[in-house]
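Asks: Sharing a sequence plus its predicted fold:
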Number of protein chains: 2
Amino acid sequence: MKEPQEVFDAYLAEKNLKATPQRRLILDTILKQKDHLSSEELYAKVKARDSSIGQATVYRTLKLLVDADIVEPLDFADGVTRYEPSYGEEHHDHLICTVCGKNIEILDPTIEKRQEQIAKEQGFKLSSHKMYLYGICNDCRKGK
Amino acid sequence: MKEPQEVFDAYLAEKNLKATPQRRLILDTILKQKDHLSSEELYAKVKARDSSIGQATVYRTLKLLVDADIVEPLDFADGVTRYEPSYGEEHHDHLICTVCGKNIEILDPTIEKRQEQIAKEQGFKLSSHKMYLYGICNDCRKGK
DNA sequence: AGTGTCAATGCAATTCATTATCATTTGTGG
DNA sequence: CCACAAATGATAATGAATTGCATTGACACT
């Protein structure tokens, strides 16, 4: 499989956009991260490596990465959009603790299959889906 | 079954809050609406009936209605939160056409059950969930 | 009716994430 | 190496949502 960086370069070339050091650095920073980063957090990490980079560039690059299917936006219902690398990763959904913010990745074939089926029944060609389960985790329930 | 207005009154009474004409008017306006309204749109409709009502009151009342489980917030990923009456309605998810914006309400017991199960397996007490299926509807595929 | 209390309101101002503007700099294909 | 479109960083602007505040209103008790 191709490296994410190569995929990004190809995407940029195809769109007649430029491969700049900033863009490379931003992608590299996301890839190095296991967690789901908000653009704010990402900006902080990027800035630590090159303090001259501006917020706007981070936002702009994130958009490109999402469009290039290298990164996926997540909505944990706390007002900020988070991102995770998606290129080469298996699709998964999220189970989120609304108290501590902990989140667990889930993958359930039963659900995935039903989703496809439902869409077909309605005459839709499914292109993507989002599923978020919100709840309170064990620790937070005990911690009361 | 009780009327939504009664439920709201009961909720307000329990919380030592007041049943004001503005609040009643806002709830009434939502109930009269079949579509999913953003607070902006709701504000416009409310203002048409009583031009003295302020935006903030609409926001504040929506929060109360959500808390009272009379109304449910929806997130169609377009930056604005929409609301729909949920009291007395069966829970459902949404299948959205990314071309024309059409959205179909779906309800699938299989998925609902699996969601509960998954949460339990992870030690979570599920409080809510969101599931959105995005695709292209029959009409829009033909219309090409 | 008068008064005390406290929530509710409308307005304006504010917050916060995200986006647009713009002058300047920098890749990239020729 | 050049020309030029695209990218950048700084900053201003946007837009949804929230908050502060002075005023108003509702209700209970006298």
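Replies: Alright, I've got the coordinates.
Asks: Can you give me the domain assignment for chain A?
Replies: Chain A resolves into domains spanning A:4-85, A:93-142 when parsed by automatic domain parsing.
Asks: closest one to DNA strand C among these?
Replies: Each of the domains of chain A has some distance to DNA strand C by CB to the nearest atom of the strand; the shortest is domain A:4-85, at 3.5 Å. Bear in mind the C-beta positions are built from the backbone N, C-alpha and C, glycine included.
Asks: mean confidence score for stretch A:70-87?
Replies: Averaged over stretch A:70-87, pLDDT sits at 90.
Asks: next one: it to chain centre, how far?
Replies: The gap between the average C-alpha position of stretch A:70-87 and the chain average comes to 4 Å, counting by CA atoms, centre = their mean, to the nearest Å.
Asks: Please export the C-alpha coordinates of the longest strand seen in chain A as CSV.
Replies: For chain A, the strand that runs over the most residues, judged by DSSP state E, is strand A:125-136. The C-alpha coordinates for strand A:125-136 follow below in CSV (Å, rounded to 0.1, in the frame of the first residue of the first chain):
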residue,chain,number,x,y,z
LYS,A,125,-26.8,4.4,-2.9
LEU,A,126,-25.0,4.7,0.4
SER,A,127,-21.8,6.7,0.3
SER,A,128,-21.0,7.0,3.9
HIS,A,129,-22.4,7.0,7.4
LYS,A,130,-21.8,8.2,10.8
MET,A,131,-22.7,6.5,14.0
TYR,A,132,-22.0,7.8,17.4
LEU,A,133,-23.1,6.2,20.6
TYR,A,134,-23.1,8.5,23.6
GLY,A,135,-23.2,7.2,27.2
ILE,A,136,-21.4,7.2,30.5
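Asks: now check it, is it near chain B?
Replies: Yes. Using CB under 8 Å from any CB of the partner chain, a contact is recorded between strand A:125-136 and chain B, made by A:125-136.
Asks: Next secondary structure element downstream of that strand?
Replies: helix A:138-142 (DSSP states H and E).
Asks: Tell me, how many residues neighbour residue A:64?
Replies: The local packing of residue A:64 (other CB atoms under 10 Å in any protein chain shown) involves 18 other residues.
Asks: Just list the residues touching it, thanks.
Replies: Contacts for residue A:64 (CB atoms under 8 Å, 6 or more residues apart in numbering or on different chains) come out as A:8, A:11-12, A:17, A:23.
Asks: And those residues, which of them are buried?
Replies: By the neighbour-count criterion of 16 or more other CB atoms under 10 Å in any protein chain shown, the contacts of residue A:64 include these buried positions: A:8, A:11-12, A:23.
Asks: Of those residues, just say which sits nearest to DNA strand D.
Replies: When the buried ones among the contacts of residue A:64 are compared for distance to DNA strand D, the smallest value, 4.6 Å, is given by residue A:23; criterion: CB to the nearest atom of the strand.
Asks: Would you mind measuring from the closest one to chain B?
Replies: According to CB to the nearest CB, to the nearest Å, residue A:23 stands 25 Å off from chain B.
Asks: Excluding chain neighbours, what is closest to that residue?
Replies: residue A:61 (5.2 Å; CB to CB, 6 or more residues apart in numbering or on different chains).
Asks: Next up, phi/psi of the one you found, please.
Replies: Main-chain torsions, residue A:61, degrees, to the nearest 10: phi -70, psi -40.
Asks: again, but for residue A:96
Replies: phi -120, psi 130.
Asks: list the contacts for it?
Replies: For residue A:96, the residues meeting the contact criterion (CB under 8 Å, 6+ apart) are A:76-77, A:102-104, A:132-135.
Asks: Bridged to it, which residues?
Replies: Beta bridges link residue A:96 to residue A:103, residue A:134 when assigned by DSSP bridges.
Asks: confidence score at it?
Replies: For residue A:96, the model assigns a pLDDT of 90.
Asks: thinking again about what came up before, looking at the residues of strand A:125-136 next to chain B, which two lie furthest apart in space?
Replies: Between all members of these, the longest pairwise span (CB to CB) is found for A:125 and A:136 and amounts to 36.4 Å.
Asks: Between these two, which is the more surrounded one?
Replies: Set side by side, residue A:125 and residue A:136 show more neighbours around residue A:136, with 21 against 13, by other CB under 10 Å.
Asks: For the more buried one, which non-adjacent residue is spatially closest?
Replies: Across the structure, with CB to CB, 6+ apart as the measure, the residue nearest residue A:136 apart from its sequence neighbours is residue B:125 (5.0 Å).
Asks: Same check on residue A:65?
Replies: Leaving out its chain neighbours, residue A:65 is closest to residue A:71 (CB to CB, 6+ apart), at 4.0 Å.
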